[in-house]
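Colleague: With the sequence up front, the predicted model follows.
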Amino acid sequence: MKAVGYTESLPIDNPKSLQDLELPQPEAKGRDLLVRIRAIGVNPVDFKIRQRAAAEPGQVKILGWDAVGEVVAVGEDVSMFKPGDQVYYAGDVTRQGSNAEYQVVDERIVGRKPSSLNDAEAAALPLTTITAWEMLFDHLGLKQQAPDKITPTEDVILVIGAAGGVGSILIQLAKKLTGATVIATASRPHSQQWVKSLGADHVVNHREPLQPQIERLVSEGKIAQITHVASLHATDQYLDDYVSVLKPFGKIAMIDDPDSLDAMKLKPKSLSLHFEFMFARSMHSADDIAVQHDLLDTVASLVDQGHIRTTAGKHLGVINAENLRAAHSELEAGTAVGKIVLERFE
């Protein structure tokens, strides 16, 4: 099968950082599905692993943790899917990824593809959807409501770096499934318009001091005090702002990887800090691993009912090493709006 992978960690401008390869096709066993990949999304986790983790000696590492495809074979213990099913999923970071024509994946972390989206549109969603869902409901503890019967609450969530992949779906989930007021941060006119189109109630610029912007919204009566923060970028840089603007007993959920963080700053307000890592369930074979299957199916229904839209931002063409290197470059530069997607092998 065709695949894109690497053997050693190299800068993305090196042609060997990601290479076109021919590899054996994997086999589905146990609870695994064998999926023929039709479209993929690219995430920061891809370049972070490429930069930090070389392949094992004599092996090739395949990245990619967002996929849409067709089930072509199933393991002997599979009960949720059958060949011919159209699926989407993020996969398991401890296994080979989706930058290949075929991939094996545990059925318990796979959902049915939203029927109203094409392959590339759907490929933008899985990893960021799971991340955003777990942040909102598992970590920040926001209460879910029916999308057609939203009652406003006193919750006010600040979303840092809101124009990226996770922020783009988190804003929608927060607006469609909770009664929270959503404040998004974005610095460029294009990204500010993007987050507004997704439902953000207010937009502030994270390249300017955050605290005075938030305090101005409070003093003008536009928002109540911040109760929750979804920190999607530079948590160490903004931690003092979070402490200043959060209500006592407020909650912070983060997805980035700062070198250090002074958590003692949170104690005077009794704030809580939560780490979100959407691979935790699959990596550790959690007892409730199948909740990721359930939430992907739930979001597929929300998409097909018109409540949630794709977060695909840029389509970079077919799946090959050259196009994936371009995707990594853009993500490393931090300029992506929405999700980068690729489609089909040639």
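Modeller: The structure has been received and is ready for your questions. Residues are numbered from 1 along each chain as shown.

Colleague: In the stretch 151-300 of the chain, mark out all the strands, start to finish.
Modeller: Applying DSSP state E, counting those that start in this stretch to the stretch 151-300 of the chain gives strands spanning 156-160, 181-185, 202-204, 226-231, 246-254, 272-275.

Colleague: so can I have CSV of those strands showing distance to residue 106, mean pLDDT and mean neighbour count?
Modeller: No exception for glycine: its C-beta is placed from N, CA and C like everyone else's. Converted to CSV, the strands of the stretch 151-300 of the chain look like this (distance: least, CB to CB, whole Å; pLDDT from 0 to 100; neighbours: other CB atoms under 10 Å):
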stretch, distance to residue 106, mean pLDDT, mean neighbour count
strand 156-160, 30, 98, 27
strand 181-185, 33, 98, 27
strand 202-204, 39, 97, 21
strand 226-231, 27, 98, 25
strand 246-254, 25, 98, 20
strand 272-275, 23, 98, 16
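
Colleague: Check which helix or strand the residue nearest to the spatial centre of the chain maps to.
Modeller: By CA atoms, centre = their mean, the chain has its centre lying nearest to residue 128, at 1.7 Å. Take DSSP states H and E as the rule and residue 128 turns out to sit in helix 126-133.

Colleague: what angle do that helix and strand 226-231 make?
Modeller: If you take axes from the mean of the first three to the mean of the last three CA atoms, to 10 degrees, helix 126-133 sits at 150 degrees to strand 226-231.

Colleague: For helix 126-133, name the packing helices and strands.
Modeller: Under the contact definition 3 or more CB pairs under 8 Å, 6 or more residues apart in numbering; DSSP states H and E, helix 126-133 sits against strand 32-42, helix 165-177, helix 291-304.

Colleague: again, only this time at 7 Å
Modeller: Contacts defined by 3 or more CB pairs under 7 Å, 6 or more residues apart in numbering; DSSP states H and E place helix 126-133 against helix 165-177, helix 291-304.

Colleague: ok, and what's touching the shortest one?
Modeller: Residues external to helix 165-177 that are found in contact with it (CB atoms under 7 Å, 6 or more residues apart in numbering): 43, 125, 128-129, 131-133, 135-136, 144-145, 147, 157, 159, 161-162, 180, 182, 184, 195, 198-200, 230, 232, 255, 302, 307-308, 311, 338-339.

Colleague: what is the mean pLDDT for stretch 81-93?
Modeller: Across stretch 81-93, the average pLDDT comes to 98.

Colleague: Just the buried residues of it, please?
Modeller: For stretch 81-93, a neighbour-count test (16 or more other CB atoms under 10 Å) marks 81, 85, 86, 87, 88, 89, 90, 91, 92, 93 as buried.
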